[in-house]
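K.L.:
Curious how this folds, go ahead:
(2 chains)
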Amino acid sequence: MCGIIKNCRYLTSDNFNLTTLILISYMFEFKIFKKAKNSRARIGVLKTEHGIVETPCLAPVATQATVKALTNEETENVGSQILIVNTLYLHLSPGEKIVAKAGGLHEFMNWKNPLMTDSGGFQVFSWGFGKDFGIGKILKAKNKKSLTFFLEGKKVRDKKINPAPFGGILDSAERCGINNSQLQNVSASIERGQQPRLLKITDEGVFFTSFLDGKKLFLGPRESIKIQEKLGADIIFAFDECPPPLADYKYMKNSILKTHNWAKVCLETKKTKQALFGIVQGGRYKDLRQESAKFIGSLPFDGFGIGGEFGADKNKMSEMLEQVVKELPEQKPRHLLGIGYLEDIPKIIKAGIDIFDCNVPTHYARRGIAFVHAQGRNSGHNFISFEKLNLKQAKFLKDKSSLDKKCFCFVCQNFKKNYISHLFRAKEITGLRLLTFHNLYFFNKYIEEVKRKIMG
RNA sequence: GCGGGCGUAGCUUAGUGGUUUAAAGCGCCUCCCUGUCACGGAGGAGACCGUGGGUUCAAAUCCCAUCGCCCGCG
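P.N.:
I've put the predicted structure just below:
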């Protein structure tokens, strides 16, 4: 796979003049070249010390300083321009000192292009309430996952989780036979002051328990920034609390105040020339989103991240995003954290998002799911019709067709579904590699197409 | 030929002190996974317990026969 796919970055040179870039003298700069007429979408270029990023684009998730299953050359060949690495994971192992001594992240992982590090704020959720409730950042309307309650240390499960985020939890508890007097002992609806089991969130920061060795560690805005400075990515994020989707209004209000205070501390702490992005939170509450966007947007950040969830109703996301985006400075880049289903991408680009990261292309690839152009009529999509194929299914063993007839990636040019299916069933790591390569290529190509259509 | 052992879901086995819908792992099917997770989550289908007979209110489990496989001795 190495080195075979060349020139698959879609340098849309028609959209801007390259010489303009050369004239940019600042280390970090964001230039908008074109704005859509019918939406907030824009085409831009982000310049960093390690090169440029054409936006809008997807930043693949490289949690532990690698896009799982791929070499850097492959990640580049697939059209990816910037990666997001995780601060807390690297802090736990190998530790930022090791990375710094190795010459910084770029040198350490041999990635010559731009990098960003997530602050660890998401782990406040995923290692906390996310784990307690067995839920993802976004509580879906059709969530079939069971909800786990903890009643006096005992696990109670409800399989019919109600999509309504707050009242639903109480119904759920009732179905589990948890009575009123017990309810106060149950970690269900997350109220102000409530703590996850495994970590403690204070006004100053968060006490984590390392899953590697059980060691206690504290991460606050200062700690996060200092670690991120040592890691040395081009773009770093302010330490935030990614709040759980079950949080009630008071919890959320309190949470954004914390995130706002931490944002100021992050700005004061940072000494390097790295670009620092503040993070807007506020969950599904429009007024809190607006409040957060106004506050964070008023601070001298180099760009802005938008985190958390936007409510179970998918259609509201665009609305909420626009609400946030209009409060942020027009000339600065906006990053949507952890969102990027294919069907979301047109919406978020239209809402004015420049970069977004999402583990779906790579994560799903490792689970055997390939995103491909829809073969049949089941498009149901405004831009490119696509479908998901589960290559683990036995039926693909007999399928001699290429993964995606309309895809020009190395995998689709060289491998058939039967072989990829076999690799997955045989648990051969090459299967993960092939699908990761294809999915990222597919997402990047898809984004290019969306850009073309939106911008006209 | 004699002696011993084994035959339970597609596979590997648990259950043989007779008790309701015969258990588990893997495999299979469906669904899920959005800034954590290749070796993950939730469901589901699937065996009349080699075959035939017998004992009993009741047998995968006891008895007899038979077939198949394995081991030892000839």
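K.L.:
Quick check: what element follows the lowest-mean-pLDDT helix or strand in chain A along the chain?
P.N.:
Ranked by mean pLDDT, DSSP states H and E, the weakest helix or strand in chain A is helix A:180-183, scoring a mean of 42. As assigned by DSSP states H and E, the chain's next helix or strand after helix A:180-183 is strand A:200-201.
K.L.:
Now do the helix or strand just after that following strand: which elements does it pack against?
P.N.:
Next along the chain after strand A:200-201, taking DSSP H and E as the criterion, comes strand A:206-209. Counting contacts by 3 or more C-beta pairs under 8 Å, 6 or more residues apart in numbering; DSSP states H and E, strand A:206-209 is packed against strand A:216-219. Bear in mind the C-beta positions are built from the backbone N, C-alpha and C, glycine included.
K.L.:
Just the buried residues of stretch A:360-379, please?
P.N.:
Neighbour-count burial for stretch A:360-379, counted by 16 or more other C-beta atoms under 10 Å, picks out A:360-362, A:364-366, A:368-374.
K.L.:
make that stretch A:205-225, sorry
P.N.:
Applying 16+ other C-beta under 10 Å to stretch A:205-225 flags A:Gly205, A:Val206, A:Phe207, A:Phe208, A:Leu219, A:Gly220, A:Pro221, A:Arg222, A:Glu223, A:Ser224, A:Ile225 as buried.
K.L.:
Tell me who's in contact with the nearest residue in space to A:Lys392 that is not next to it in sequence.
P.N.:
Closest residue in space to A:Lys392, ignoring its immediate chain neighbours: A:Gly368 at 4.1 Å, by C-beta to C-beta, 6 or more residues apart in numbering. Contact analysis of A:Gly368 by C-beta atoms under 8 Å, 6 or more residues apart in numbering lists A:Asn390, A:Leu391, A:Lys392, A:Phe424, A:Gly431, A:Leu435.
K.L.:
Take the residues you listed and keep only those in helices.
P.N.:
Residues of the contacts of A:Gly368 located in helices (DSSP state H): A:Phe424, A:Gly431, A:Leu435.
K.L.:
Could you single out the nearest of those to A:Ala100?
P.N.:
A:Leu435 (34.0 Å; C-beta to C-beta).
K.L.:
State the distance from the residue lying closest to the closest one once chain neighbours are set aside to RNA strand B.
P.N.:
Among residues not flanking A:Leu435 along the chain, A:Ala365 sits closest, at 3.7 Å (C-beta to C-beta, 6+ apart). Distance from A:Ala365 to RNA strand B, counting by C-beta to the nearest atom of the strand, to the nearest Å: 9 Å.
K.L.:
what helix or strand does the residue of the stretch 51-200 of chain A at minimum distance from RNA strand B sit in?
P.N.:
In the stretch 51-200 of chain A, the residue that lies nearest RNA strand B is A:Gly136 (2.6 Å; C-beta to the nearest atom of the strand). Using DSSP H and E, A:Gly136 falls within no helix or strand.
K.L.:
Just say helix, strand or coil for A:Glu387.
P.N.:
Under the three-state scheme (DSSP: H, G, I helix; E, B strand; the rest coil), A:Glu387 adopts strand.
K.L.:
Tell me, how many residues neighbour it?
P.N.:
Neighbourhood size, A:Glu387 [other C-beta atoms under 10 Å]: 17.
K.L.:
Would you state the helices of the stretch 251-400 of chain A in chain order?
P.N.:
For the stretch 251-400 of chain A, the helices defined by DSSP state H, counting those that start in this stretch occupy A:286-298, A:314-325, A:345-350, A:360-366.
K.L.:
Can you tell me which of these is most buried?
P.N.:
Neighbour counts (mean count of other C-beta atoms under 10 Å) averaged over each of the helices of the stretch 251-400 of chain A peak at helix A:345-350, with a mean of 23.
K.L.:
For the stretch 251-400 of chain A, which residues are neighbours of RNA strand B?
P.N.:
For the stretch 251-400 of chain A, the residues in contact with RNA strand B (C-beta under 7 Å from any atom of the strand) are A:279, A:305, A:307-308, A:314, A:337-341, A:344, A:357-360, A:363-364, A:366-367, A:369, A:390, A:392-395.
K.L.:
what about burial for these, which qualify?
P.N.:
For those, a burial check counting by 16+ other C-beta under 10 Å picks out A:279, A:305, A:307-308, A:337-340, A:344, A:357-360, A:364, A:366, A:369.
K.L.:
what residues are up against the residue nearest to A:Pro333 when sequence neighbours are not counted?
P.N.:
Nearest in space to A:Pro333, with sequence neighbours left out and distances taken as C-beta to C-beta, 6+ apart, is A:Gly303 at 4.0 Å. A:Gly303 makes contact with A:Phe30, A:Ile235, A:Ala275, A:Phe277, A:Lys332, A:Pro333, A:Arg334, A:His335, according to C-beta under 8 Å, 6+ apart.
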